[in-house]
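>>> Starting from these lines, generate the structure:
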Amino acid sequence: METLLKDKPMSINKLLFDIPGKITIKLEDGRIVIVPLKYFPELQRLSIDKRKKYTIVDDRTILFSYSNLIYHLEDFIGLESKWRQR
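From the prediction side, this is the model:
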């Protein structure tokens, strides 16, 4: 099922941690979302090598090998309540 936000499908292509203190989310359509890690303390505590061990599930969910939390694309764009509506 494809979810739309502002009439454009959103799915995660990959994550980068190349800017200190930030997570960069590259979307399939070329858009980029950059968010401070301070909003995600469990990820901030992980080393960069451990952050890089992740799996993208269903194009919008991110599981990190060294974290018990489940993250959704909406968590990173300020719409955390929206993922429950899918």
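>>> Tell me where this structure has helices.
41-45, 48-51, 73-76 (DSSP state H).
>>> quick one: the strands in the protein?
For the chain, strands defined by DSSP state E occupy the ranges 4-5, 8-9, 12-16, 22-27, 32-36, 54-57, 61-64, 70-72.
>>> Just give me the residue closest to the centre of the protein.
Per Cα atoms, centre = their mean, the C-alpha nearest to the average position across the chain is that of residue 73, at 4.7 Å.
>>> And the residue nearest to it when sequence neighbours are not counted, how far from residue 45?
The shortest distance from residue 73 to any residue other than its chain neighbours is 4.4 Å, reached at residue 60 (Cβ to Cβ, 6 or more residues apart in numbering). For glycine as for every other residue, the C-beta is placed from the backbone atoms N, C-alpha and C. Distance from residue 60 to residue 45, counting by Cβ to Cβ, to the nearest Å: 24 Å.
>>> more crowded one of those two?
residue 60 (19 against 12; other Cβ atoms under 10 Å).
>>> Quick check: which of the strands of the chain is nearest to residue 78?
Among those, strand 32-36 comes nearest to residue 78, with 9.0 Å by Cβ to Cβ.
>>> how many neighbours does residue 55 have?
9.
>>> right, I mislabeled it, should have said residue 12
Each residue near residue 12 was counted by other Cβ under 10 Å, and the total is 22.
>>> re the thing from before, report the separation between the residue nearest to residue 73 and residue 13.
11 Å.
>>> ok, back up a step: adding distance to residue 78 as columns, could you present the strands of the chain in JSON lines?
Formatted as JSON lines, the strands of the chain follow (distance: least, Cβ to Cβ, whole Å):
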{"stretch": "strand 4-5", "distance to residue 78": "11"}
{"stretch": "strand 8-9", "distance to residue 78": "16"}
{"stretch": "strand 12-16", "distance to residue 78": "16"}
{"stretch": "strand 22-27", "distance to residue 78": "13"}
{"stretch": "strand 32-36", "distance to residue 78": "9"}
{"stretch": "strand 54-57", "distance to residue 78": "20"}
{"stretch": "strand 61-64", "distance to residue 78": "16"}
{"stretch": "strand 70-72", "distance to residue 78": "12"}
